[in-house]
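# Fold the following and give me the result.
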Amino acid sequence: MLNRLLNLLNFRPVVYGKSFFTDAWFNEWEKLSQVLAALVESEPKWRTILDFGCGPGVMIDLMTTHGLDYVGCDYSTDARQLYLEHYGQHPKRYISELDDAMGKQHDLLLSFDVLEHMRDDEIADLLDMIRSIPELLFNISRARGIPGHINIKSDRSWIKFMQEHGYRFEEARTRKLRDLYAQQRPGSPDQWDRNLFLFRRIGS
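Coordinates of the predicted model:
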């Protein structure tokens with residue numbers, strides 16, 4: 001299943017390397033990473049975290065220095081090279097195979113700006129693979145016209161999709177995270193105050 005997922009992703013016309021992760025992207029994430037760290041640390045029970053689709057791994061070194069067991073996973077060798085060039089303090093915490101992370105229990109899987117780059121069947125495969133992780137935190141951009149944004153849904157449609165795959169929308173906790181983001185980023189320039197979603201696996 002993992003090979004199928006990665007093969008599908010690899011046939012994308014967008015290359016997630018330096019042409020995608022530009023200097024402007026890194027500059028923006030220098031500011032954003034501190035805000036996201038505050039979001040993650042607002043839930044004390046989130047100690048072991050898997051970041052799927054981590055790209056250049058902006059959060060890996062930062063969250064490790066904050067004392068969290070934080071692992072990033074991305075299929076792109078170009079993105080991993082960017083991690084090594086820009087950060088690179090914990091290369092063993094950057095993995096290229098999701099199976100490598102599933103041998104241990106995680107409190108949270110997060111994906112920032114990833115699901116809009118995936119088809120529904122790819123997301124369904126991912127959810128099957130991470131079934132042991134009880135909570136999922138997503139930022140899902142709804143911006144149109146951006147390279148690689150192939151899956152644009154409304155809030156209601158994303159919530160319904162996740163329910164169909166065994167996850168309950170944590171509405172109150174999502175609102176708390178969105179409000180915290182808005183406090184940390186006055187004006188919410190990238191609209192994460194609208195695009196964050198927290199889901200919990202039904203029965204966990």
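
# tell me the phi and psi of residue 49?
Taking degrees, to the nearest 10, you get phi -130, psi 140 for the backbone angles of residue 49.

# tell me the contacts of it?
40, 63, 68, 69, 70, 71, 106, 107, 108, 109, 110 (Cβ atoms under 8 Å, 6 or more residues apart in numbering). All C-beta atoms are positioned from the backbone trio N, CA, C, and that covers glycine.

# Specify the local secondary structure of the residue nearest to residue 110 when sequence neighbours are not counted.
Closest residue to residue 110 apart from its sequence neighbours, by Cβ to Cβ, 6 or more residues apart in numbering: residue 137 at 4.2 Å. Three-state call for residue 137 (DSSP: H, G, I helix; E, B strand; the rest coil): strand.

# Please report how far residue 137 lies from residue 196.
7 Å (Cβ to Cβ, to the nearest Å).

# what do the two both touch?
Common neighbours of residue 137 and residue 196, counting by Cβ under 8 Å, 6+ apart, are 39, 177.

# Which elements pack onto the helix ranked longest in the chain?
The single longest helix within the chain, with elements called by DSSP state H, is helix 23-41. Judged by 3 or more Cβ pairs under 8 Å, 6 or more residues apart in numbering; DSSP states H and E, the packing partners of helix 23-41 are helix 58-65, strand 108-112, helix 171-184.

# State the next helix or strand along the chain beyond the last one.
This means helix 171-184. Sequence order places helix 192-195 as the next helix or strand after helix 171-184, per DSSP states H and E.

# average pLDDT for that next one?
Helix 192-195 shows a mean pLDDT of 93.

# What is the neighbour count of the residue nearest to residue 40 when sequence neighbours are not counted?
Nearest residue to residue 40, sequence neighbours excluded (Cβ to Cβ, 6+ apart): residue 46, at 5.9 Å. Neighbours of residue 46 under the rule other Cβ atoms under 10 Å: 19.
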